[in-house]
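Student: Fold the stuff below for me.
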Amino acid sequence: MSAITRNKSEVTLLLLHAIIGVVLFTVPFSAMLYSLVIVIVAFFYIFSAEDKTYAILVSAAYLAASDVFLRMTGGLVFYELHKYLLIIFAVIGTIYSLHSSKGFIYLVCAALLLVGVVFTEFNVTESVRKMIMFNLSGAISLCFFAFFCFKKQISIQQLNKVLFYALLPIVAMLVYMFLSTPDLKSVITGTASNHKASGGFGPNQVATILGFGIFILMTRLLLHKFKKTQLIVEFSLLALVTFRGLATFSRGGIIAAFIATIVFMLLIYFRGNIHVVRKIFKMIFFFVIAGIGVWFYTVSQTSGMIENRYLNKNAAGVEKADITTGRGDLIAIELQAFFENPIFGIGVGKSKQYRLDRTGTLAASHNEMSRLVSEHGVFGIVSFLILFLTPLLLRLQVRNNIYFYSFFLLWLLTINHSAMRIAFPSFIYGLALLDVTYENKKNKISVSK
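Tutor: Predicted structure coming up:
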């Protein structure tokens, strides 16, 4: 496919998903149909494709990025659907490539997490199935998807395409959000995370996915040489996604995206050819100018509240004592639970009840690390060490994935502010484990035409 044809097809797909956002807003029941079509097309594509690894990664990218949007629009048959689909995709991929499967350490990690179920005492009034699904589906899906992705080989061109397919449902969600709340001033009255400005869904999760969209768009603008029309489209999308991401008033996902992008720029500066290095400085200039414009526009549209939010102040401009918005207290309580039950932990899904008994506050954990420690004890610590150290040890052997540190940071930062509530952390973690190939022997990054 020529560069011109490819660019036209990408712009067409972006426009199509903008239309999907309009349709799902005007015809609410179409969200369920959209969800069904995604699943059917994904399975058809996987089973019909010759390159199963690439097909699974493309399908997983679209699913992981559409997870929050379909929750927002009520399009999921059941809440954890996309996490289970990642598991199914991983199993299918493993069946077709069993000879090349090497990530068995992740099956050990999954087994360690399941031990916690055996030693958990459930009350007769509790929905055991729901507690296990809600608290373990994210971690188990991560283990299975990581097992599949471990050392799987993919070209840099294919990986960039995978990220493009992840961008598409984010565009649909963006359009839906603009239609849901076209006038932000009417819904923003304070500095707390804002559900109405987030399409009526959880601001934390929405900001995480919009942050991912920011990362994808910025890296695409750095690596690709677009024709004028697509350059304008993608730069405009970057500005709009950043604006709506800031307007959620949830900082974690946005900050994570910018940290990951800065790390990516540093890496391609050292590994890129002279054309990439020149483009980095050029794009930094445009990013800064656009960023300043988006920031001041957001400040005006939120009556200055967004500035207070990022300066850790309340609506009256008074600095808050706790910059973590209560997350530090949640972690402290979960660590206390671990010290009381260090071997097997307090049990799967028990941290919420433990917190209620100790503080009178019913709140779910925002931090996957402290949740694993409190609910799984020593087994949780070992599981997290596997998840944390395995990619870093792999990096010593396979150094080709230019996205590695960005993907790893996106996973680590996300599970620290949003736990494993959505499918995104599982997907982005898996991408960090890929063995990426390049056309040139020196693995130098170049600008794609």
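
Student: dump the residue contacts of residue 58.
Tutor: Taking C-beta atoms under 8 Å, 6 or more residues apart in numbering as the contact definition, residue 58 lies against 45, 161-162, 165. Any C-beta I mention is one placed from the backbone N, CA and C, and that applies to glycine too.

Student: And for residue 53, the neighbour number?
Tutor: 19 (other C-beta atoms under 10 Å).

Student: wait, is it part of a strand?
Tutor: No. Going by DSSP: H, G, I helix; E, B strand; the rest coil, the assignment for residue 53 is helix, not a strand.

Student: That one - nearest residue in space that isn't next to it in sequence?
Tutor: Spatial nearest neighbour of residue 53, excluding adjacent residues (C-beta to C-beta, 6 or more residues apart in numbering): residue 152 at 5.1 Å.

Student: circling back: from the contacts of residue 58, keep the buried residues only.
Tutor: With neighbours counted using 16 or more other C-beta atoms under 10 Å, these contain these buried positions: 161-162, 165.

Student: Make a markdown table from those and add secondary structure to it.
Tutor: Listed next are those as a markdown table, based on three-state DSSP:
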| residue | secondary structure |
| --- | --- |
| 161 | helix |
| 162 | helix |
| 165 | helix |
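
Student: and which of those residues is nearest to residue 261?
Tutor: Residue 261 has its nearest neighbour among the buried ones among the contacts of residue 58 in residue 162, at 17.4 Å by C-beta to C-beta.

Student: residues contacting the closest one?
Tutor: The contact partners of residue 162, by C-beta under 8 Å, 6+ apart, come to 54, 57-58, 61, 154, 431.

Student: swap in residue 425?
Tutor: 138, 142, 368, 411, 414-415, 418.

Student: Residue 183: which of those is nearest?
Tutor: The closest of the contacts of residue 425, once distances to residue 183 are taken by C-beta to C-beta, is residue 418, at 27.3 Å.

Student: pretty sure the closest one is touching residue 209, no?
Tutor: No. Residue 418 is beyond contact range of residue 209, at 10.1 Å (criterion: C-beta atoms under 8 Å).

Student: Mind listing the shared neighbours of the two?
Tutor: Both residue 418 and residue 209 are in contact with residue 253, where contact means C-beta under 8 Å, 6+ apart.

Student: Out of the two, name the residue with the larger neighbour count.
Tutor: A count of neighbours by other C-beta under 10 Å puts residue 209 above the other of residue 418 and residue 209, at 26 against 23.

Student: What number of residues are in the vicinity of the nearest residue to the more buried one once chain neighbours are set aside?
Tutor: Among residues not flanking residue 209 along the chain, residue 68 sits closest, at 4.7 Å (C-beta to C-beta, 6+ apart). By other C-beta under 10 Å, 29 other residues sit near residue 68.

Student: Distance check, residue 68 against residue 59.
Tutor: According to C-beta to C-beta, to the nearest Å, residue 68 and residue 59 sit 17 Å apart.

Student: Can you get me a residue count around the closest residue in space to residue 202 that isn't next to it in sequence?
Tutor: Closest residue to residue 202 apart from its sequence neighbours, by C-beta to C-beta, 6+ apart: residue 195 at 7.2 Å. Look at residue 195: counted by other C-beta under 10 Å, it has 16 neighbours.

Student: likewise the one 10 residues further on?
Tutor: Per other C-beta under 10 Å, the neighbour tally for residue 205 reads 23.

Student: likewise residue 286?
Tutor: With other C-beta under 10 Å as criterion, residue 286 counts 12.

Student: what's the answer for the one 3 residues further on, then?
Tutor: Taking other C-beta under 10 Å as the neighbour definition, residue 289 ends up with a count of 10.

Student: Which residues are in contact with it?
Tutor: Residue 289 is in contact with no residue at all, counting by C-beta under 8 Å, 6+ apart.

Student: Tell me the spacing between it and residue 307.
Tutor: Distance of residue 289 to residue 307, computed by C-beta to C-beta: 19 Å.

Student: Please apply the same query to residue 221.
Tutor: Distance of residue 221 to residue 307, given as C-beta to C-beta: 26 Å.

Student: export the contacts of residue 425 to a markdown table and tack on distance to residue 116 and pLDDT?
Tutor: Output for the contacts of residue 425, formatted as a markdown table (distance: C-beta to C-beta, whole Å; pLDDT from 0 to 100):
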| residue | distance to residue 116 | pLDDT |
| --- | --- | --- |
| 138 | 14 | 92 |
| 142 | 15 | 97 |
| 368 | 14 | 88 |
| 411 | 21 | 97 |
| 414 | 22 | 96 |
| 415 | 17 | 94 |
| 418 | 21 | 86 |
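
Student: State the pair within these that is farthest apart.
Tutor: Longest distance between any two of the contacts of residue 425 is 13.5 Å, between 142 and 418; criterion C-beta to C-beta.

Student: tell me the mean pLDDT over the host helix or strand of residue 95?
Tutor: Using DSSP states H and E, residue 95 falls within helix 81-96. The predicted model assigns helix 81-96 a mean pLDDT of 94.

Student: same thing with stretch 19-26?
Tutor: Mean predicted confidence for stretch 19-26 is 97.

Student: all numbers from here: first residue = 7
Tutor: I'll keep to 7 as the first residue from here, and by that count the last item is stretch 25-32.

Student: List the contacts of that stretch.
Tutor: For stretch 25-32, the surrounding residues in contact (C-beta under 8 Å, 6+ apart) are 36-37, 40, 79, 81, 177-182, 185-186.

Student: PyMOL command for the buried members of those residues?
Tutor: Listed next is the PyMOL selection for buried residues among the contacts of stretch 25-32, using 16+ other C-beta under 10 Å:
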select buried, resi 36+37+40+79+81+177+178+179+180+181+182+186
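
Student: Return the subset of the contacts of stretch 25-32 lying in helices.
Tutor: Counting by DSSP state H, the part of the contacts of stretch 25-32 found in helices is 36-37, 40, 79, 177-182, 185-186.

Student: will you turn these into a markdown table that also has distance to residue 259 and pLDDT?
Tutor: Below are those laid out as a markdown table (distance: C-beta to C-beta, whole Å; pLDDT from 0 to 100):
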| residue | distance to residue 259 | pLDDT |
| --- | --- | --- |
| 36 | 27 | 96 |
| 37 | 22 | 96 |
| 40 | 23 | 97 |
| 79 | 19 | 96 |
| 177 | 17 | 98 |
| 178 | 18 | 98 |
| 179 | 13 | 98 |
| 180 | 14 | 98 |
| 181 | 19 | 98 |
| 182 | 17 | 98 |
| 185 | 21 | 97 |
| 186 | 18 | 95 |
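
Student: Among those residues, which one sits closest to residue 389?
Tutor: Looking across the ones in helices among the contacts of stretch 25-32 and measuring by C-beta to C-beta, the closest to residue 389 is residue 179, at 31.5 Å.

Student: May I have the helix holding residue 101 exported as PDB, CA atoms only?
Tutor: The C-alpha coordinates for helix 87-102 follow below in PDB (Å, rounded to 0.1, in the frame of the first residue of the first chain):
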ATOM      1  CA  LEU A  87     -16.100  -8.600  29.100                       C
ATOM      2  CA  HIS A  88     -12.900  -7.100  27.600                       C
ATOM      3  CA  LYS A  89     -10.700  -8.500  30.200                       C
ATOM      4  CA  TYR A  90     -12.000 -12.000  29.500                       C
ATOM      5  CA  LEU A  91     -11.700 -11.400  25.700                       C
ATOM      6  CA  LEU A  92      -8.000 -10.600  26.300                       C
ATOM      7  CA  ILE A  93      -7.600 -14.000  28.000                       C
ATOM      8  CA  ILE A  94      -9.500 -15.800  25.200                       C
ATOM      9  CA  PHE A  95      -7.300 -14.000  22.500                       C
ATOM     10  CA  ALA A  96      -4.200 -15.100  24.400                       C
ATOM     11  CA  VAL A  97      -5.300 -18.700  24.600                       C
ATOM     12  CA  ILE A  98      -6.100 -18.700  20.900                       C
ATOM     13  CA  GLY A  99      -2.700 -17.200  20.100                       C
ATOM     14  CA  THR A 100      -1.000 -19.700  22.300                       C
ATOM     15  CA  ILE A 101      -2.700 -22.700  20.600                       C
ATOM     16  CA  TYR A 102      -1.400 -21.400  17.200                       C
END
